[in-house]
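In: Build the 3D model from these lines:
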Amino acid sequence: MSASGSGDKFLKEHGMRAADINIQHLIDVFTAEMINGLEGKESTLRMIPTYIEADNKFLTGVPVVAVDAGGTNFRSALVEFNTQGKLEIKNLVNSKMPGLEGEISKDEFFNIIADYVKSNAELADRIGFCFSYPTEILPDKDGRLLQFCKEVQAPDVVGTLIGKNLLETLGMKEKQIVLLNDTVATLLAGKSASFGHEYDSFIGFILGTGTNTCYIENNINIRKVKNLDPSKSQIINIESGNFRKIQQTDLDMEFDMTTINPGDYKFEKMLSGGYIGGLCLSTLKTAAREEVFRKETATCLIELAELSSEDMNTYVLNSSSGRGPLASCIINNTDEETCTEIIECLIDRAAKLVAANIAAVILKTNKGKSSARPILITIEGTTFYKLHNLKPLFENYLKEYLKDDKLRYYEFTEVKMSSLIGAALAALIN
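Out: I've put the predicted structure just below:
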């Protein structure tokens, strides 16, 4: 049956195209989940308070220790903002995250980290710690580790207070420490880069292996936490990747059942770098079984064991050799057009989903109504910047939606070493 357009026809039958998404309905559901999460009602969005008041001024001329722990790398530096808002980074330490080469004890874990940061901690009274693992943030800005991921093996650390244990191991209990995650750090890094510019609010967004969003919310709307000052605001970590009220197609559900956590992180599984390659392969296999491809291509696709987002991207970007595992399966021009069409449709859909996510958060801030004071959206993640055409498609969908009565003004920025810089700024908020 293969012919030009057969990929689109196949995806239309399964409701997998961007055109099959009702963006207004999606934004309405996402917004309702945000409100439920803030009010402590049942919600698939955790809406985690950070107790970080991003609207406050940050201190200049004060050195702080910035720490970035996430994935396989551990970084620490002495950071200071001068009175012009320029950043000075000194004594940068690059190390491996402890617990990657075998299981270690709680004491070993904190001793290794203390060794990494001690020389810098002796030169500053404040520590900002970007700790990119699931952590419950407490009102004193310390955090209790909920679980490790990304291959770190230190089970005795789970359930403990990260800041308190680090300060005790350092023998520096008097220091101030602030824990935050990488999305919150991204928002703050954008704020630091905005020095001297007028912005109405700030949003942090990550689309890499996973996805998440954070923004600034008025305390008066955070009803699940008692005794907050209603005149103030703070950053809320949405945990948007776990949005589960998203309408999934049969192909999404089929792929979801192949993952290690079926039913969780439904939104993330439709667009993030850790999943979109697998979703693409699962979709191509179904297309092969439904005779969208020639028999030889179909047989090879069905036997293909795995496909990463990089493999998928390489195939659609390169028109010559070195196109990864798909190229060995698809040797017919018509099948190549169909495969490319399916990949591009999945990226187009991902871009529309990201636009719905960001639009919902922009509207929830109730800011950015004047061109003189836009919202600054800081975006990090290789998937956002490297996935073929995703960024321009996203920008078009967002612009198309936010117009007329929903017109909002916003700008995008990217900040190098955002996790480290954001950690420093968290410790410098007055």
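
In: how about low-confidence regions in the stretch 1-150 of the chain?
Out: The stretch 1-150 of the chain contains residues with pLDDT under 70 at 1-5, 149-150.

In: hmm, try it at 90
Out: When residues are selected by pLDDT under 90, those of the stretch 1-150 of the chain lie in 1-8, 53-60, 70-73, 81-88, 96-97, 99-102, 132-136, 146-150.

In: what residue ranges in the stretch 251-400 of the chain score low on pLDDT?
Out: Across the stretch 251-400 of the chain (using pLDDT under 90), the flagged ranges come out as 259-262, 264, 318-324, 330-332.

In: can you give me the strands in it?
Out: In chain order, the stretch 251-400 of the chain shows strands spanning 375-380, with DSSP state E, counting those that start in this stretch as the criterion.

In: the helices in it, which residues?
Out: Ranges of helices within the stretch 251-400 of the chain are 276-289, 295-303, 309-317, 325-329, 333-365, 382-386, 390-401, based on DSSP state H, counting those that start in this stretch.

In: between these, which gets nearest to L123?
Out: helix 382-386 (33.3 Å; Cβ to Cβ). Every C-beta, even on glycine, is put in place using the N, C-alpha and C of the backbone.

In: name the helices or strands packed onto the closest one?
Out: Other helices and strands packing on helix 382-386, by 3 or more Cβ pairs under 8 Å, 6 or more residues apart in numbering; DSSP states H and E, are strand 201-207, helix 390-401.

In: May I have it exported as CSV, CA atoms only?
Out: Taking Å, rounded to 0.1, in the frame of the first residue of the first chain, the C-alpha atoms of helix 382-386 are listed here in CSV:
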residue,chain,number,x,y,z
THR,A,382,19.5,19.0,24.1
THR,A,383,16.1,17.6,22.9
PHE,A,384,14.6,21.1,22.7
TYR,A,385,17.6,22.6,20.8
LYS,A,386,18.8,19.6,18.7
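
In: Now do the buried residues in stretch 279-289.
Out: Neighbour counts using 16 or more other Cβ atoms under 10 Å place L279, C280, L281, S282, T283, L284, K285, T286, A287, A288 of stretch 279-289 among the buried residues.

In: repeat for stretch 130-145
Out: Residues of stretch 130-145 classed as buried under the neighbour-count rule (16+ other Cβ under 10 Å) are C130, F131, S132, Y133, P134, T135, I137, K141, D142, G143, R144, L145.

In: Same question for stretch 397-406.
Out: Y397, L398, Y401, L402.

In: Need those residues in TSV (columns: distance to Q176).
Out: Converted to TSV, these look like this (distance: Cβ to Cβ, whole Å):
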residue	distance to Q176
Y397	42
L398	38
Y401	42
L402	39
